[in-house]
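Visitor: no sequence on this one, just coordinates:
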């Protein structure tokens, strides 16, 4: 009976030690859950404007803001900060070609330029680029077209996340 209790304690210690080791490894590599962004109080209400008001990035950004309990107002107001999506564009650069001269692989470059303007202040400009590799195959044109569409959608989602992460780093003193 004493040996049974001793074995149970050893097993519990092993499990605890493994759990502590696993948590330590995760925290040391910089792992953290994403999703909630702690935006400054001044950014809890925003006006979002865009050169493409019906664009996919604009829609995704507004959706991400609402999910993070940010009130998005429909019209510009004097005391409400404005987040303006100036531009987003997709470029591509050839990485490799087939022996027959057709392009085999592209690097997709998604560029985003946006501004954040607080009342009675000049706009702060932000720019960033996202990169993805895309392998083309002319024999599978329809499938590759769908893949490119999904890849671009994923890049826009990543861009909306990046904008929120950038905004979470802004802390103004009142």
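Guide: Yep, that arrived. Computed from a predicted model, the values in this text were never measured in an experiment.
Visitor: Packing partners of whatever helix or strand residue 162 lives in?
Guide: Under the criterion DSSP states H and E, the helix or strand holding residue 162 is helix 141-168. Where contact means 3 or more CB pairs under 8 Å, 6 or more residues apart in numbering; DSSP states H and E, helix 141-168 is packed against helix 56-67, strand 82-97, strand 103-117, strand 124-135. No exception for glycine: its C-beta is placed from N, CA and C like everyone else's.
Visitor: of all the ones you listed, which lies closest to residue 38?
Guide: Among those, the nearest to residue 38 by CB to CB is helix 56-67 (13.3 Å).
Visitor: any idea of the angle that closest one forms with strand 82-97?
Guide: 130 degrees (axes from the mean of the first three to the mean of the last three CA atoms, to 10 degrees).
Visitor: pLDDT weak spots in this protein?
Guide: For the chain, the stretches flagged by pLDDT under 70 are 1-7, 9-10, 28-37, 171-174.
Visitor: Near residue 93, how many other residues are there?
Guide: Neighbour count of residue 93, defined by other CB atoms under 10 Å: 10.
Visitor: what bridges to the residue nearest to it when sequence neighbours are not counted?
Guide: Among residues not flanking residue 93 along the chain, residue 107 sits closest, at 4.6 Å (CB to CB, 6 or more residues apart in numbering). Beta bridges link residue 107 to residue 93, residue 133 when assigned by DSSP bridges.
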